[in-house]
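J.: generate a structure from the sequence data that follows.
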Amino acid sequence: MAEATPEITQFLQDHRLCAFATGRKDGSPQQSYIGYQFDGKQFLLGGQASSFKMKNLRRNPGCSLLVPADSGFLLVYGTAEVIDDETEMAKLQERFGPRATPRRASSAPPRQLPTGQRVNVLMTPTKFFADRITG
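T.: Got it, this is the predicted structure:
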């Protein structure tokens, strides 16, 4: 597990959206623009159990996420575990705290609520790569 510096931790807590990448069966990337939470050690993400990203992670836990900034970015490589047990998901939400709604452009259409079974993804970082994330 890679340790986040105080600057990286602050950057991640100041942002809430990322491009989350997993590997498809054929080896090509699958990306999703989703919200995340970071507790200083691990990331908590969510989604539908039947989504491509969950199928990909069940097959291959390797993943990455990219958090863009005005003039830079933070890239995180890691491994992920899909959590579908309701009790474990409740414990994770208690650990990470209330989920903040990511800021969206006012012109963005309203989000449709998911209808399938919700699951969590617990990502453990193995490497951080930051470029111009401060001042």
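J.: and the longest strand belonging to the chain, what's buried?
T.: Scanning the chain for the longest strand, with DSSP state E as the assignment, gives strand 118-131. Using 16 or more other CB atoms under 10 Å as the test for burial, strand 118-131 gives Val119, Asn120, Val121, Leu122, Met123, Pro125, Phe128, Ala130. To be clear about C-beta, it is placed using only N, CA and C from the backbone, and glycine gets the same treatment.
J.: and which of the residues you listed is nearest Gln30?
T.: Taking CB to CB as the measure, Gln30 sits nearest to Val121 out of those, at 13.0 Å.
J.: gap between the closest one and Thr134?
T.: Per CB to CB, to the nearest Å, Val121 is found 27 Å from Thr134.
J.: just the helices from the protein, written as ranges.
T.: Along the chain, the segments classed as helices by DSSP state H run 6-14, 52-59, 86-96.
J.: which one of the ones you listed is the most hemmed in?
T.: helix 52-59 (a mean of 18; mean count of other CB atoms under 10 Å).
J.: sorry, back to before: average pLDDT across the longest strand of the chain?
T.: For strand 118-131, the mean per-residue pLDDT is 97.
J.: if we can go back for a sec, adding distance to Leu92, write the buried residues of strand 118-131 out as TSV.
T.: Below are those laid out as TSV (distance: CB to CB, whole Å):
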residue	distance to Leu92
Val119	11
Asn120	6
Val121	10
Leu122	7
Met123	12
Pro125	16
Phe128	21
Ala130	25
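J.: those residues: which two are farthest apart?
T.: Taking every pair in these and measuring CB to CB, the maximum separation is 28.9 Å, between Val119 and Ala130.
J.: so who does Cys63 touch?
T.: Under the criterion of CB atoms under 8 Å, 6 or more residues apart in numbering, the neighbours of Cys63 are Phe20, Ala21, Thr22, Gly23, Leu57, Tyr77, Gly78, Thr79, Ala80, Met123.
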